[in-house]
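Visitor: mind looking at a prediction? Sequence and model below.
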Amino acid sequence: GAVVSQHPSRVICKSGTSVKIECRSLDFQATTMFWYRQFPKQSLMLMATSNEGSKATYEQGVEKDKFLINHASLTLSTLTVTSAHPEDSSFYICSARYVGERETQYFGPGTRLLVL
Amino acid sequence: AQSVTQLDSHVSVSEGTPVLLRCNYSSSYSPSLFWYVQHPNKGLQLLLKYTSAATLVKGINGFEAEFKKSETSFHLTKPSAHMSDAAEYFCVVSVPGSYIPTFGRGTSLIVHP
């Protein structure tokens, strides 16, 4: 149980375009989802926390107009990287947790974004 | 405030020998502690967690960890390493209420044949 999927797993785009990444909880309702960014050989950096039906809470230094997060349902959150630039290239990982097990996060497989 | 320190950036062991990955934490409240494993270009998989129940926690793939409040530690161990254990391991702490996680920097486990 507690499976989280991400789509796409890998995306290559041109500079200036926008990219949407989906995060889905497949077998549970996720009251909270998290979005992380991971640079090579580094730990995960929390970008934002999203609760279903409300605005996301962004970490300091993360541009909310650049990284749009929508959590429209209890099983889906999306991250849109707007006007992507090469420096946005990274590994993006989402995680989800549910009411019955608030302490534990279940992670998606990640999305590799390459901006040319 | 909460923080996590993974004391080793790299740990190298031979296959069949014991594994010890060290983690110390700091928290103003009774924490929940987790170990996750990440294989290259993959997401994170939960190995085990401590959430104020038994202090010795058994996880998947033969891993276990012991919560020691007096030492503020939550070290991960395995009696015998397998080649497939080679990966990045993250220690994570969260506190009741916010449940916002704090990640350690990660420890890369290298397993030699």
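Guide: Sure thing, it's come through. Numbers count the residues shown, from 1 in each chain, chains lettered A, B, ... in the order given.
Visitor: what ranges do the strands span in chain B?
Guide: Secondary structure of chain B (DSSP state E): strands at B:2-6, B:10-14, B:19-21, B:23-27, B:32-38, B:44-50, B:56-58, B:64-68, B:73-78, B:87-94, B:102-103, B:107-112.
Visitor: please produce CSV containing those, extended by mean pLDDT and distance to A:S95.
Guide: C-betas here are computed from N, CA, C, even on glycine. Formatted as CSV, the strands of chain B follow (pLDDT from 0 to 100; distance: least, CB to CB, whole Å):
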stretch, mean pLDDT, distance to A:S95
strand B:2-6, 92, 16
strand B:10-14, 97, 25
strand B:19-21, 98, 21
strand B:23-27, 93, 19
strand B:32-38, 93, 10
strand B:44-50, 92, 8
strand B:56-58, 95, 20
strand B:64-68, 95, 20
strand B:73-78, 98, 19
strand B:87-94, 94, 10
strand B:102-103, 90, 11
strand B:107-112, 96, 20
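Visitor: so can I have a markdown table of the ones you listed showing distance to A:K14 and mean neighbour count?
Guide: Converted to a markdown table, these look like this (distance: least, CB to CB, whole Å; neighbours: other CB atoms under 10 Å in any protein chain shown):
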| stretch | distance to A:K14 | mean neighbour count |
| --- | --- | --- |
| strand B:2-6 | 38 | 17 |
| strand B:10-14 | 37 | 13 |
| strand B:19-21 | 41 | 18 |
| strand B:23-27 | 42 | 18 |
| strand B:32-38 | 29 | 24 |
| strand B:44-50 | 30 | 20 |
| strand B:56-58 | 47 | 14 |
| strand B:64-68 | 45 | 18 |
| strand B:73-78 | 42 | 21 |
| strand B:87-94 | 31 | 24 |
| strand B:102-103 | 32 | 20 |
| strand B:107-112 | 34 | 17 |
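Visitor: would TSV of these with distance to A:R112 be doable?
Guide: Conversion of the strands of chain B to TSV gives the following (distance: least, CB to CB, whole Å):
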stretch	distance to A:R112
strand B:2-6	24
strand B:10-14	24
strand B:19-21	26
strand B:23-27	27
strand B:32-38	14
strand B:44-50	15
strand B:56-58	32
strand B:64-68	30
strand B:73-78	27
strand B:87-94	16
strand B:102-103	19
strand B:107-112	19
